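Trainee: Fold the following for me, if possible:
(one chain, ligands or ions: 1)
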Amino acid sequence: MEAEKARPPNPPSAWLNVQDEHDRILGLLTELCSSYARIGEVGPGPSEPDHALASKLGALWGLLVVHFSGEEGEHGLYSDIRGALPHRAHRIALLQKEHCEILEEVRSLVSDVPHLAEAAERPRLLGRAKALFYRIRAHETKENELIHESVRSEPMGGGD
Ligand SMILES: [Fe+2]
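Mentor: Sure thing, here's the model as predicted:
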């Protein structure tokens, strides 16, 4: 473990590609909200079976698990931000807590997919999907801001 601590941190510029993952996650969430809205209008008929929606939620879950564990990992974004911006450690702790809450909400949406068959439930589920979109967007924006702050604190000539 001591050898791990001696590892130099990734240069902040290395974290700019995390923002590409954020764009992919938000793109998938936009598709999900459209699917919920479509089902809300016409119901989960044969042309838009709820399996397709469940499959998109599964893809989102997989993307988030990989993305979050990469950020939280020993050599991940959060570790390096804590090193580069120690005064932001409390923000990282809050973001990490939010990862658990976001995954719990996705899990809950997956388990509620069968309720799309009930017309009265659809507006509520669409509302939750939209709320998840806005929550994740706000979460990733906060991370992007920390990445930019970290890049700005990088010594001149540190990039390639
Ligand atoms: Fe992120």
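
Trainee: Quick check: buried residues in stretch 135-143?
Mentor: Of the residues in stretch 135-143, I136, H139, E140, E143 count as buried by neighbour count, 16 or more other C-beta atoms under 10 Å. Where C-beta positions appear, they are placed from N, C-alpha and C, glycine not excepted.

Trainee: Verify the stated contact: the second one with E101.
Mentor: No - under the contact definition of C-beta atoms under 8 Å, H139 does not touch E101, with a separation of 9.5 Å.

Trainee: thinking again about what came up before, from the buried residues of stretch 135-143, which ones fall inside helices?
Mentor: Mapping those onto helices (DSSP state H) picks out I136, H139, E140, E143.

Trainee: Tell me the spatial nearest neighbour of the second one, not counting adjacent residues.
Mentor: In other words, H139. Closest residue to H139 in three dimensions, ignoring its sequence neighbours and counting by C-beta to C-beta, 6 or more residues apart in numbering: E98, at 5.5 Å.

Trainee: Just the CA atoms from the helix or strand containing the one you found would do, formatted as PDB, please.
Mentor: Under the criterion DSSP states H and E, the helix or strand holding E98 is helix 89-111. Output for helix 89-111, consisting of C-alpha atoms alone and laid out as PDB, is shown next (Å, rounded to 0.1, in the frame of the first residue of the first chain):
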ATOM      1  CA  ALA A  89     -12.400  17.200   0.100                       C
ATOM      2  CA  HIS A  90     -15.900  17.800   1.600                       C
ATOM      3  CA  ARG A  91     -17.300  18.300  -1.800                       C
ATOM      4  CA  ILE A  92     -15.900  15.000  -3.000                       C
ATOM      5  CA  ALA A  93     -17.400  13.300   0.100                       C
ATOM      6  CA  LEU A  94     -20.800  14.700  -0.800                       C
ATOM      7  CA  LEU A  95     -20.400  13.600  -4.500                       C
ATOM      8  CA  GLN A  96     -19.400  10.100  -3.400                       C
ATOM      9  CA  LYS A  97     -22.500   9.800  -1.200                       C
ATOM     10  CA  GLU A  98     -24.600  11.000  -4.100                       C
ATOM     11  CA  HIS A  99     -23.300   8.100  -6.200                       C
ATOM     12  CA  CYS A 100     -25.000   5.600  -3.800                       C
ATOM     13  CA  GLU A 101     -28.200   7.600  -3.900                       C
ATOM     14  CA  ILE A 102     -28.200   7.800  -7.700                       C
ATOM     15  CA  LEU A 103     -27.700   4.100  -8.100                       C
ATOM     16  CA  GLU A 104     -30.500   3.400  -5.600                       C
ATOM     17  CA  GLU A 105     -32.800   5.600  -7.700                       C
ATOM     18  CA  VAL A 106     -31.900   3.700 -10.900                       C
ATOM     19  CA  ARG A 107     -32.500   0.400  -9.100                       C
ATOM     20  CA  SER A 108     -35.800   1.600  -8.000                       C
ATOM     21  CA  LEU A 109     -36.800   2.700 -11.500                       C
ATOM     22  CA  VAL A 110     -35.800  -0.700 -12.800                       C
ATOM     23  CA  SER A 111     -38.100  -2.400 -10.200                       C
END
